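A.B. asks: next comes the sequence, and after it the predicted model I'd like to discuss.
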Amino acid sequence: MGTRIELHLFGALDGDAVSEARRAIEAVDDALTIHRPSATTGLNACLMAGREAIVTDPVLFDALVEIEAGWGLSLGLFDPAADARSRAGWPAIVFDREAGSIRASSPVALDFGGFGKGFALDRACAALRQAGVRSALLSAGESSIAVVGEHPLGGGWPFVIPHPLQPGKDLVALDLQDEALSISSTVGAGTHAPDRAAMIRPGDGVVVTDPRSAIVVDHSGARAEMLSTALLVADAARADHLLEAHQARRFLFDFTHIGVVAA
């Protein structure tokens, strides 16, 4: 994932808790990375060549199950196979859970991107709960956060999301309890890094450059990542649909009126 992950645990701890959480995170990285040989690069080789693949890696299989559900929840706006050069995307993929097989009608390749961070945090949190941890904070690059239980002093974990363009100003304040938070943005620190992939709207292949930030809180870190990405690239109608009835846990901020994009 190429992301620094921090774990902060509180209370009486099982000595293996941190090790189990770390193993869970490393297992996700090993399965989903496209930057070295992995289960995903092997799968991509088959999909690009028009061959069916059998998914034997259990972590990759679980990720595909999440992606399949998330594609529908995001109205097709989260798509790990979206590419500006092709409009095929996830709809070209046939994933047979029972057979554990996957194939595509057109050449496609999967890049799990930020989804991997939320998915890894979910599995790390599950490992911590299994080890008896009742209070913990996990952060992946500060844009993906998950908490276990209550704050060590009681109640929810308080977070304030700063404005990416106006120092000293905040976008929103939130309390989390057994939840995850994802922030996706086209502006602010790190958004102009040389290796950062363009934000692409699935379906029409439009590269989204409008200055905006999306924030999503969900009980699943993987879903929070998928939905924050979806909101960031959404057209007005689908953004309204994704925000409807979730105003307290989903946010989309448009900074076009500010007229300055931070580097």
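C.D. replies: Sure, I can see it.

A.B. asks: for this protein, which segments are assigned as strands?
C.D. replies: Taking DSSP state E as the test, the strands found in the chain are 5-10, 53-54, 93-96, 101-104, 135-140, 144-148, 157-162, 170-176, 180-185, 200-201, 206-207, 212-218, 250-254.

A.B. asks: what's around the closest residue to residue 74 other than its chain neighbours, how many residues?
C.D. replies: Counting by C-beta to C-beta, 6 or more residues apart in numbering, residue 230 is the residue found nearest to residue 74 once chain neighbours are left out, at 3.7 Å. C-betas here are computed from N, CA, C, even on glycine. Residue 230 has 27 neighbours, counted by other C-beta atoms under 10 Å.

A.B. asks: got it, and residue 212?
C.D. replies: The local packing of residue 212 (other C-beta under 10 Å) involves 22 other residues.

A.B. asks: repeat that for the one 3 residues further on.
C.D. replies: Residue 215 sits with 24 neighbouring residues when counted by other C-beta under 10 Å.

A.B. asks: run through the stretch 101-250 of the chain and note the low-pLDDT ranges.
C.D. replies: Where the stretch 101-250 of the chain drops to pLDDT under 70, the residues are 189-198.

A.B. asks: residues in contact with the closest residue to residue 21 other than its chain neighbours?
C.D. replies: Nearest non-adjacent residue to residue 21, counting by C-beta to C-beta, 6+ apart: residue 124, 4.2 Å away. Contacts for residue 124 (C-beta atoms under 8 Å, 6 or more residues apart in numbering) come out as 5, 7, 21-22, 24-25, 138, 146.

A.B. asks: hmm, try it at 7 Å
C.D. replies: Shown in contact with residue 124 (C-beta atoms under 7 Å, 6 or more residues apart in numbering): 21, 24-25, 138.

A.B. asks: coming back round to it: which among the strands of the chain is found nearest to residue 81?
C.D. replies: strand 93-96 (6.4 Å; C-beta to C-beta).

A.B. asks: so how far is that closest one from its chain's centroid?
C.D. replies: The chain centre lies 21 Å from the centre of strand 93-96; the measure is C-alpha atoms, centre = their mean, to the nearest Å.
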